[in-house]
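Chemist: Predicted structure and sequence below. I'll ask about it afterward.
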Amino acid sequence: MTDITITINKETVLNDVGRLTNYAGDRFVGDDGAFDRISTTGSEADMLGQFWQSACDGVTEAMKRFIKSLTTTTNYVAVLEVSSSYDTNLTDSITTNIQNCITYHIVSQWYKLTNKSESESYAREAAAQLNEAMSKVFFKKKPTRKGITH
């Protein structure tokens with residue numbers, strides 16, 4: 001078995017959530033109050049923290065068979081025990097998928113309150129990112145034949 005560590009920085013995720021919601025609020029056509037309603041600000045930190053925990057819980061549930069250790073308070077740090085044939089080149093990509101999953105989950109939850117028409121598309125994208133990460137975790141390299149030694 002091989003251990004890999006997935007680390008997702010909470011501050012980075014919440015900054016991405018802010019960037020996405022600010023952009024959407026700014027681009028919303030036909031609603032003068034859209035920016036104030038849709039974009040996140042520091043005053044929503046408690047609610048966004050709940051959405052962060054919910055997203056982390058969803059990732060943990062999907063990956064629980066691989067989790068060797070886990071921390072979700074400040075950042076999401078999961079040590080996964082994967083097959084010895086796991087391709088370690090995929091770890092950075094899995095980390096990106098999980099970060100995107102958590103970001104899109106938070107945006108989806110926020111949009112349930114502020115921008116319902118966009119909520120479901122972000123929920124689907126969060127699920128797609130998690131499915132892609134899981135596919136990579138399960139992927140195994142083909143065995144290679146070792147050279148004969150004399």
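Modeler: Ah, there it is.
Chemist: Now do stretch 7-19: everything it contacts.
Modeler: Stretch 7-19 is contacted by residues 39-41, 48, 52, 74-77, 95, 98-99, 102-103, 106-107, 110 when judged by Cβ atoms under 8 Å, 6 or more residues apart in numbering. From N, CA and C alone the C-beta is placed, and that goes for glycine too.
Chemist: let's see it at 10 Å
Modeler: Here stretch 7-19 makes contact (Cβ atoms under 10 Å, 6 or more residues apart in numbering) with 39-42, 44-45, 48-49, 51-53, 55-56, 59, 71-79, 95-96, 98-107, 109-110.
Chemist: Assign T73 to helix, strand or coil.
Modeler: Secondary structure, DSSP: H, G, I helix; E, B strand; the rest coil: T73 is coil.
Chemist: Please indicate which of the contacts of stretch 7-19 are buried?
Modeler: For these, a neighbour count by 16 or more other Cβ atoms under 10 Å gives the buried set as 39-40, 44, 48, 51-52, 55-56, 59, 72, 76, 78, 95, 98-107, 109-110.
Chemist: For this protein, just list every one of the strands.
Modeler: When assigned using DSSP state E, the strands of the chain occupy the ranges 2-8, 67-71, 76-82.
Chemist: Give the partner strands of the first one in its sheet and their orientations.
Modeler: When sheet partners are counted by DSSP bridges, strand 2-8 sits next to strand 76-82 (antiparallel).
Chemist: Take the buried ones among the contacts of stretch 7-19 and keep only those in helices.
Modeler: Using DSSP state H, 48, 51-52, 55-56, 59, 95, 98-107, 109-110 are the members of the buried ones among the contacts of stretch 7-19 that sit in helices.
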